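*Asks:* Fold the following.
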Amino acid sequence: MSILKAGVLAVLMPVALASGAMAQDAPRPGVAEMFTQLDANGDGALTLEELQNAGANRFAAADTDGDGALSREELLARGQARAEARVDRMLERADADVDGRLPEAEMEQAREGRDGRGGRDGRDGRRGPNPERMFERLDADNDGQVTQAEFEDGAARFLERMMRRGGGGHGGADN
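*Replies:* The predicted structure is shown next:
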């Protein structure tokens, strides 16, 4: 695999994961936490005001010393907290033997949508992202490389599909 292909795939994996999450009818891990963070007054519903103030609320939460600016340490702490939450969700979903470790076999099972216990991992049977398929969709001229123009066009098509689905709500998979 060329460095270009590897780079494109590294950039597209989060997009693929996000699109899979948006295509599911059931909330994905992390969505409930996001809703809770946005629901500033905790009443179980979001208002326009809460959405408009979401950025300011996140800033205030990260500004632990209250000086109106985010220091390097505050930014790192915020990033570390998000990384820890992602790792916890990954372990919860993929650690089939619940030993706090993910050997390659468990990672592969998680990518395939199995939890190692004979069932699914909550993804309604959806398999993980398919890098080959993503690359094929992006490589418009089929020359084995994705140019910046092809990448940008692919991203625009992806966003257009999400908008047609009502912002990525509860639509089905768009193949």
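*Asks:* separation between the residue nearest to Thr36 when sequence neighbours are not counted and Glu50?
*Replies:* Once flanking residues are discounted, Thr36 sits nearest to Gly42: 7.9 Å by Cβ to Cβ, 6 or more residues apart in numbering. From N, CA and C alone the C-beta is placed, and that goes for glycine too. Noted for Gly42: a distance of 10 Å to Glu50, by Cβ to Cβ, to the nearest Å.
*Asks:* out of these two, which sits in the more crowded spot?
*Replies:* Glu50 (16 against 7; other Cβ atoms under 10 Å).
*Asks:* Was I right to think the more buried one contacts Asp43?
*Replies:* No - using Cβ atoms under 8 Å, Glu50 makes no contact with Asp43, being 9.4 Å away.
*Asks:* where along the protein do the strands fall?
*Replies:* For the chain, no strands are identified by DSSP state E.
*Asks:* Run a quick neighbour tally on Leu138.
*Replies:* By other Cβ under 10 Å, 21 other residues sit near Leu138.
*Asks:* Please disregard the earlier target; I meant Phe158.
*Replies:* Other residues close to Phe158 by other Cβ under 10 Å number 20.
*Asks:* What score does it have for pLDDT?
*Replies:* pLDDT for Phe158: 84.
*Asks:* One more: Asp139?
*Replies:* At Asp139, pLDDT is 89.
*Asks:* what's the answer for Ala18, then?
*Replies:* 44.
*Asks:* try Gly128
*Replies:* If you check Gly128, the pLDDT there is 55.
*Asks:* returning to that earlier point: how much space between the residue nearest to Thr36 and Phe35?
*Replies:* Noted for Gly42: a distance of 11 Å to Phe35, by Cβ to Cβ.
*Asks:* Could you do Arg137 as well?
*Replies:* In terms of Cβ to Cβ, Arg137 sits 31 Å off from Phe35.
*Asks:* the more surrounded of these two?
*Replies:* Applying other Cβ under 10 Å to Arg137 and Phe35 shows that Arg137 carries more neighbours, namely 16 against 13.
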